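Peer 1: Sequence and predicted structure are below.
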Amino acid sequence: MMRLQAQAQALGRNSYYQDTAHPAPAHPPLTGSVRADVCVVGAGLAGLSAALELARRGMKVVVLEAVRVGWGASGRNGGQALAGYASDMGPFEQQIGLAAARTAWDMSREAVRLMRKRIAEHAIDCGWNAGALSVAVTPKKARALRQWVDTMQERYGASHLQWLDAGATRAQVASERYCAGVMDPEGGHLHPLNYTLGLARAAVDLGVVIHEDSEVRGVASGAASGQAGGFGRGGRLAAAAPLDVRTDGGGRACVRTAQGEVRCDAVLLAGNANLGAVAPQLARRIMPVGTYIMATEPLGRARAERLIPSRAAVCDTQFVLDYYRLSDDDRLLFGGRVSYSTVSPQDLPATMRRGMLRVFPQLGDVAVTHAWGGFVDITMNRAPDFGRLAPDIYYLQGFSGHGLALTGLAGQLAAEAIAGQAERFDLFARLQHRPFPGGDLLRTPALVLGMLWYRLRDLF
Ligand SMILES: Cc1cc2nc3c(=O)[nH]c(=O)nc-3n(C[C@H](O)[C@H](O)[C@H](O)COP(=O)(O)OP(=O)(O)OC[C@H]3O[C@@H](n4cnc5c(N)ncnc54)[C@H](O)[C@@H]3O)c2cc1C
């Protein structure tokens, strides 16, 4: 996992978001032993959202972050805030039934509303733009998209989704590539790093203590034996050598870093693809997948809005999708490409530029100023993976590249559960997830081969 972290570090260097981030305070590393009601591992959107909601309920919360606030996917992503799930509703319907699946769909719309509420409530300056457009590249994909809209409207009451034929789609996006689209006026896009930093500020204002440069090396449950996960009292959940992690015998969990520890009643693991040895039982169920974005130089308002007059976020429905949007300073931020092997493409700016020109050949004279990437945590079925490793150890993972809005709600659900209202959290915890096949050595090559098959299917 250290290798992944080093790759992520290198990939984050030329990020447009870093260059345009609002100033934010540094948070000192954890030293010594502290007590809290809840310790949150990871200062991305999932962890910060939970911290905020727990503090709102009067709890003392400590957040431990290995690098710095927003360093992970939350501060690097495409900025597209979308309802729904990477898996779509299939795994929900199959595993928990249509009624619960409908609730889950409504909750994904609630996630987008929650984001907008927080932006307003905490005056977070992150350039929200409304509108999210999905576009189809081939007639076959257009038929599938139409069928999806019909299903979502009939079964899930999604009457707000607007179908666009080829002409209407081209009025939205100045590209010959698309033959149909669907507009979700509730979705939208924003500057994700500034949103994350704003959420951290709001959490600190409510009394949350954040420690950066504080990588968690081990976590121990304080729960009595015989309960979920089978961890005994004082049982060690996981610890990267050479730390010895034990609870204090008083039923309290313990979270250790190299220089300190937090003793607490509950722990929330929200480390995305980087948790690794801290919770190997979770790491087996997700696969880190690289995805990448580039930014053009500023295009000027008129030229930018000739590309996307409504300034909506756009993504296509290919298996390896293109996703793009205009920034507040009128650049095109264009995302695409994935690396299932976690090896980044050579000459990332040139690779990304080729993808952009396939959609917008009219941008041949435009310079690329930034190109960066990060890792998403995908699950086998692409549905999110929330649950407990022990009665006092909760986790949120598996957003599968569709977590910008959902992480906010997930954090709220985890906070509700920790505070004793677990019904909404448990709707997700009922979803079953399988480990990736192939063990530590073979699972990445197996995934690369499997994904190649899906990419080929996109061609026909
Ligand atoms: C390039 C890219 C584009 C994307 N585009 C979109 C998009 O347009 N729309 C969308 O919905 N989603 C998108 N996503 C996915 C979305 O960004 C994620 O689902 C979401 O940000 C996950 O948030 P998180 O809090 O779970 O994880 P993260 O933001 O990754 O936060 C986890 C944090 O935990 C820390 N951590 C890990 N291990 C430890 C440890 N042992 N000790 C202490 N701290 C630790 C990490 O340093 C990190 O800061 C994209 C992702 C990427 C990478």
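Peer 2: In hand now; what should we look at?
Peer 1: When you work out contacts or count neighbours from here on, use the C-alpha atoms and nothing else.
Peer 2: Noted.
Peer 1: pLDDT wise, what is residue 448 at?
Peer 2: Looking at residue 448, its pLDDT stands at 56.
Peer 1: Check residue 242 too.
Peer 2: 40.
Peer 1: For the nearest residue to residue 98 once chain neighbours are set aside, list the residues it contacts.
Peer 2: The shortest distance from residue 98 to any non-neighbouring residue, by C-alpha to C-alpha, 6 or more residues apart in numbering, is to residue 92 (7.5 Å). The contact partners of residue 92, taken as C-alpha atoms under 8 Å, 6 or more residues apart in numbering, are 98, 100-101, 104, 383, 431.
Peer 1: measure stretch 3-22 end to end?
Peer 2: The first and last residues of stretch 3-22 sit 29 Å apart, counting by C-alpha to C-alpha, to the nearest Å.
Peer 1: So what touches it?
Peer 2: Contacts with stretch 3-22, where a contact means C-alpha under 8 Å, 6+ apart, come from 72, 75-76, 191-194, 197, 274, 295, 342, 370-375.
Peer 1: Checking stretch 173-193 against the ligand, do any of its residues make contact.
Peer 2: No: using C-alpha under 6 Å from any ligand atom, stretch 173-193 stays clear of the ligand, coming no nearer than 7.8 Å.
Peer 1: Quick one, which of the contacts of residue 92 are buried?
Peer 2: 98, 101, 104, 383, 431 (16 or more other C-alpha atoms under 10 Å).
Peer 1: lowest confidence element among the helices and strands of the protein?
Peer 2: Sorting the helices and strands of the chain by mean pLDDT, DSSP states H and E puts strand 236-239 at the bottom, at a mean of 51.
Peer 1: Direction included, what does the helix or strand just after that strand pair against?
Peer 2: Next helix or strand after strand 236-239 toward the C-terminus (DSSP states H and E): strand 253-257. Applying DSSP bridges, strand 253-257 is found paired with strand 216-220 (antiparallel), strand 260-269 (antiparallel).
Peer 1: how many other residues sit next to residue 102?
Peer 2: Per other C-alpha atoms under 10 Å, the neighbour tally for residue 102 reads 18.
Peer 1: if we can go back for a sec, widest-spaced pair of the contacts of residue 92?
Peer 2: 98 and 383 (15.3 Å; C-alpha to C-alpha).
Peer 1: contacting residues for residue 134?
Peer 2: Residues near residue 134 by C-alpha under 8 Å, 6+ apart: 181-183, 314-317.
Peer 1: any chance of the residues you listed in JSON lines, plus pLDDT, neighbour count and distance to residue 395?
Peer 2: Formatted as JSON lines, the contacts of residue 134 follow (pLDDT from 0 to 100; neighbours: other C-alpha atoms under 10 Å; distance: C-alpha to C-alpha, whole Å):
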{"residue": "181", "pLDDT": "98", "neighbour count": "30", "distance to residue 395": "35"}
{"residue": "182", "pLDDT": "98", "neighbour count": "23", "distance to residue 395": "33"}
{"residue": "183", "pLDDT": "98", "neighbour count": "21", "distance to residue 395": "33"}
{"residue": "314", "pLDDT": "98", "neighbour count": "25", "distance to residue 395": "31"}
{"residue": "315", "pLDDT": "96", "neighbour count": "22", "distance to residue 395": "29"}
{"residue": "316", "pLDDT": "96", "neighbour count": "20", "distance to residue 395": "31"}
{"residue": "317", "pLDDT": "94", "neighbour count": "19", "distance to residue 395": "29"}
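Peer 1: and the two most separated of the residues you listed?
Peer 2: Maximum distance among those (C-alpha to C-alpha): 13.0 Å, for 183 and 317.
Peer 1: Against residue 213, how distant is the residue sitting nearest the centre point of the chain?
Peer 2: Note on the chain: the residue nearest the mean C-alpha position is residue 403, at 3.2 Å, using C-alpha atoms, centre = their mean. Separation of residue 403 from residue 213 (C-alpha to C-alpha) stands at 24 Å.
Peer 1: which intervals of the chain have sub-threshold pLDDT?
Peer 2: Filtered on pLDDT under 70, the chain yields the residue ranges 1-2, 224-250, 340-342, 438-460.
Peer 1: quick one: the helices in it?
Peer 2: 2-11, 16-19, 45-56, 90-121, 139-156, 166-172, 192-205, 280-283, 301-307, 348-359, 406-418, 423-429, 439-458 (DSSP state H).
Peer 1: How about the fourth one and the ligand, any contact?
Peer 2: So the one you mean is helix 90-121. No: applying C-alpha under 6 Å from any ligand atom, one finds helix 90-121 separated from the ligand by no less than 9.9 Å.
Peer 1: Measure how that helix sits relative to helix 192-205, angle-wise.
Peer 2: Counting by axes from the mean of the first three to the mean of the last three C-alpha atoms, to 10 degrees, helix 90-121 lies at 70 degrees to helix 192-205.
Peer 1: now stretch 15-29, how far from the centre of its chain.
Peer 2: A distance of 19 Å separates the centroid of the chain from that of stretch 15-29, by C-alpha atoms, centre = their mean, to the nearest Å.
Peer 1: Sorry, slip of the keys, the one I care about is stretch 259-274.
Peer 2: How far stretch 259-274 lies from its chain's middle: 18 Å, per C-alpha atoms, centre = their mean.
Peer 1: Show me what counts as buried in that stretch.
Peer 2: Quick answer for stretch 259-274 (16+ other C-alpha under 10 Å): 261-274.
Peer 1: isn't residue 138 right up against residue 178?
Peer 2: Yes: with contact defined as C-alpha atoms under 8 Å, residue 138 counts as touching residue 178 (7.1 Å).
Peer 1: about what we covered before: and the contacts of residue 92, which is closest to the ligand?
Peer 2: Ranked by distance to the ligand (C-alpha to the nearest ligand atom), these are led by residue 383 at 11.5 Å.
Peer 1: For the closest one, give me its contacts.
Peer 2: 85-88, 91-92, 398-400.
Peer 1: what would those look like in CSV with distance to residue 336?
Peer 2: Output for these, formatted as CSV (distance: C-alpha to C-alpha, whole Å):
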residue, distance to residue 336
85, 18
86, 15
87, 18
88, 19
91, 25
92, 27
398, 19
399, 17
400, 14
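Peer 1: Out of the residues you listed, which comes closest to the ligand?
Peer 2: Nearest to the ligand, judged by C-alpha to the nearest ligand atom, of the contacts of residue 383 is residue 399 at 4.7 Å.
Peer 1: how many neighbours does the nearest residue to that closest one once chain neighbours are set aside have?
Peer 2: Once flanking residues are discounted, residue 399 sits nearest to residue 384: 5.0 Å by C-alpha to C-alpha, 6+ apart. Neighbourhood size, residue 384 [other C-alpha under 10 Å]: 29.
Peer 1: same deal with the one 5 residues further on?
Peer 2: Counted with other C-alpha under 10 Å, residues neighbouring residue 389 total 22.
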